[in-house]
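Engineer: this one's sequence-less:
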Ligand SMILES: Cc1cc2nc3c(=O)[nH]c(=O)nc-3n(C[C@H](O)[C@H](O)[C@H](O)COP(=O)(O)O)c2cc1C
């Protein structure tokens, strides 16, 4: 049985365009994988706190030496990582806010990048420990950035996921959502069609 983890990062939670596109894909994936299990994590609705020195220290402290506050922080990070470990498929909604990823997604990444847990350092450099997974990223933008130097999101998210061992990543873009109703419509239709094709491929792979 396959497990899919859907991560919404829109400040509008399930109402965001990225969450809606991701939800559509998850529905199609469920049709293709009827035995599949879905885990939901909505960090738009429940934002992840910024990583602080105190929180980071909780990760570094030996489990038996952690204070109760440190146990809670490390336990929260462990729970996020456990969801990633369980997932064969990760579906990420990725709105663009002020030229970057939502700040809560950065905070999420800061809570799941743990040395010795999700990556390790080797003589050849860092090695991701969350291998054997596939990720689908639904990127929504008011303007047009894909393929230009202003699209900092794609390389950042791709590099971060690869750092954790998740190298197989598909991006689906819905851009120009704020340009005009026609641009928005055409972009969403194209994104939905690509999403459908990708979900159909998971049926073949199932
Ligand atoms: C606070 C804020 C900042 C935004 N910044 C950008 C931006 O820098 N570039 C862009 O193309 N669109 C920008 N947009 C438009 C969003 O990318 C677009 O509305 C997208 O659909 C948001 O995804 P969501 O609906 O899943 O939240 C911004 C929207 C908001 C609310």
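Structural biologist: Thanks, I have it. This structure is a prediction, so every number in the text was calculated from the model and none was measured.

Engineer: quick one: the strands in the chain?
Structural biologist: Assigned by DSSP state E, the chain shows strands spanning 3-8, 37-42, 89-95, 119-122, 125-128, 134-140, 168-174.

Engineer: would you list those in CSV and tack on distance to the ligand and mean pLDDT?
Structural biologist: Where C-beta positions appear, they are placed from N, C-alpha and C, glycine not excepted. Below are the strands of the chain laid out as CSV (distance: least, CB to the nearest ligand atom, whole Å; pLDDT from 0 to 100):
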stretch, distance to the ligand, mean pLDDT
strand 3-8, 8, 98
strand 37-42, 12, 98
strand 89-95, 3, 98
strand 119-122, 28, 95
strand 125-128, 27, 95
strand 134-140, 4, 98
strand 168-174, 7, 98
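
Engineer: Mind listing the residues bridging to the closest residue to residue 17 other than its chain neighbours?
Structural biologist: Nearest residue to residue 17, sequence neighbours excluded (CB to CB, 6 or more residues apart in numbering): residue 140, at 4.3 Å. Beta-bridge pairing for residue 140 (DSSP bridges): residue 95, residue 174.

Engineer: which residues sit in contact with residue 140?
Structural biologist: Counting by CB atoms under 8 Å, 6 or more residues apart in numbering, residue 140 touches 16, 17, 18, 21, 93, 94, 95, 96, 173, 174, 175, 177.
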